[in-house]
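Colleague: Based on what follows, work out the 3D shape:
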Amino acid sequence: MEDKKYSVILADGTTLTDLSLNGNNFISKVALNPSTFDGNCCPVVISDGEVSENHPNMALVQITTPVEGEYWFVLRDRTDEELKAIRDRSDIEYLAMMCDIEL
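Modeller: Model (predicted):
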């Protein structure tokens, strides 16, 4: 039986292909950099070639250093509490800018 291959499509259209999955770890033979994921995980589409899952707000948990030439990375969905904190922070920064207050 052949292992399933996955693809991950980030918000800017960057597509990571030919990925294996071990638990919640995606495994890539291509070098990955955390900057690829910065501000680029809203939304994310994960596909196994048959089923695609849309994730509106994800975050990169980690990328491991190469293990036998493979890069392992983990994505997770952001919680409602995290999204609220992000919105609140954004609102505060906007108000501070409009009132010319330095944070």
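Colleague: Can you show me the strands along this structure?
Modeller: Remark: strands assigned in the chain by DSSP state E are 6-9, 15-22, 25-28, 44-47, 52-55, 58-63, 71-77.
Colleague: Which residues are in contact with the nearest residue to residue 45 once chain neighbours are set aside?
Modeller: Closest residue to residue 45 apart from its sequence neighbours, by Cβ to Cβ, 6 or more residues apart in numbering: residue 9 at 4.3 Å. (Each C-beta comes from the backbone N, C-alpha and C, glycine too.) With contact taken as Cβ atoms under 8 Å, 6 or more residues apart in numbering, residue 9 is in contact with 15-16, 44-47.
Colleague: who wins for most neighbours among these?
Modeller: Counting neighbours by other Cβ atoms under 10 Å, residue 44 leads the contacts of residue 9 with 21 neighbours.
Colleague: beta partners of that residue?
Modeller: Residue 44 has these beta-bridge partners by DSSP bridges: residue 55.
Colleague: Which pLDDT does the model give residue 89?
Modeller: Among the per-residue scores, residue 89 holds a pLDDT of 87.
Colleague: Can you lay out the strands of the chain as CSV showing distance to residue 86 and mean pLDDT?
Modeller: CSV is the format used below for the strands of the chain (distance: least, Cβ to Cβ, whole Å; pLDDT from 0 to 100):
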stretch, distance to residue 86, mean pLDDT
strand 6-9, 22, 97
strand 15-22, 24, 95
strand 25-28, 24, 95
strand 44-47, 16, 97
strand 52-55, 16, 96
strand 58-63, 10, 95
strand 71-77, 14, 96
